[in-house]
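Undergrad: kindly generate the corresponding structure for this input.
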Amino acid sequence: MRFQRAAVILRIKGDTKPLQVETFRFVQLQADSAYEQGLAHIRAGRVKPRLSDSEALGNYIDRQVRTRLREQYSNLGIDTSGSGPVRVNRRENISSENETTYRRPDARVDKIAFDVTLTEKTLKTAQIRGFFDTDFRPSHVVIIRPRQLGGRYSYIITRPEMNR
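TA: Numbers count the residues shown, from 1 in each chain. A predicted model of the protein is given here:
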């Protein structure tokens with residue numbers, strides 16, 4: 001219901017803040033669920049790791065979360081494939097360098113990038129620095145880890161120049 005309300009607010013007022021909150025809540029729940037399912041699939045031999053079980057689990061979680069988030073947005077009439085403020089697993093260009101490169105956050109709602117991961121990340125992580133270098137210049141990167149991992153499972157990394 002809250003997610004639906006956030007979608008209406010986006011359409012009517014153009015305000016993305018409620019959608020950012022609901023996206024975080026939804027993705028956290030999906031990451032937790034996909035973690036349990038992924039572990040069960042690995043134990044049953046239905047997910048074959050290339051390098052490690054951890055890599056296979058991470059890839060499984062990413063795919064599941066992105067698919068479910070796309071479906072959720074689609075059910076609410078939110079386009080995630082174009083150049084709009086809401087995007088799922090889309091290229092975000094970095095054109096400030098000599099040649100254009102890109103990063104691909106799991107999701108983006110306006111100036112917030114969302115990254116689902118099994119590992120803790122910091123501003124020193126190349127991927128996170130890359131998100132901040134993209135042309136959409138996010139104000140924050142939200143790191144979402146399955147709660148089952150314990151400790152600091154989800155947190156926000158703020159754009160460095162905003163901390164001043």
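Undergrad: return the set of buried residues in stretch 60-77.
TA: 60-62, 64-66, 68-70, 72-73, 76 (16 or more other CB atoms under 10 Å). C-beta: built from backbone N, CA, C; applies to glycine.
Undergrad: got it, and stretch 124-134?
TA: Residues 125, 128, 130-134 are the ones in stretch 124-134 that count as buried (16+ other CB under 10 Å).
Undergrad: just curious, which of those is nearest to Val21?
TA: Phe131 (19.3 Å; CB to CB).
Undergrad: helix, strand or coil for the closest one?
TA: helix (DSSP: H, G, I helix; E, B strand; the rest coil).
Undergrad: swap in Thr67?
TA: Assigned state for Thr67: helix (three-state reduction, three-state DSSP).
Undergrad: check it and give its pLDDT.
TA: What the model reports for Thr67 is a pLDDT of 98.
Undergrad: can you check the one 5 residues further on too?
TA: As summarised for this prediction, Gln72 has a pLDDT of 98.
Undergrad: isn't it right next to Phe26, touching?
TA: Yes. Between Gln72 and Phe26 there is a contact at 6.0 Å, judged by CB atoms under 8 Å.
Undergrad: between these two, what contacts are shared?
TA: Residues touching both Gln72 and Phe26 (CB atoms under 8 Å, 6 or more residues apart in numbering) are Phe3.
Undergrad: show me what the longest helix anywhere in the chain is packed against.
TA: In the chain, with assignment by DSSP state H, the single longest helix is helix 17-43. On a contact count with 3 or more CB pairs under 8 Å, 6 or more residues apart in numbering; DSSP states H and E, helix 17-43 meets helix 2-13, helix 53-75, strand 107-109, strand 112-116, strand 140-144.
Undergrad: mind putting the buried residues of stretch 60-77 into CSV with distance to Val8?
TA: Converted to CSV, those look like this (distance: CB to CB, whole Å):
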residue, distance to Val8
Tyr60, 33
Ile61, 29
Asp62, 29
Gln64, 27
Val65, 24
Arg66, 24
Arg68, 21
Leu69, 18
Arg70, 19
Gln72, 14
Tyr73, 13
Leu76, 9
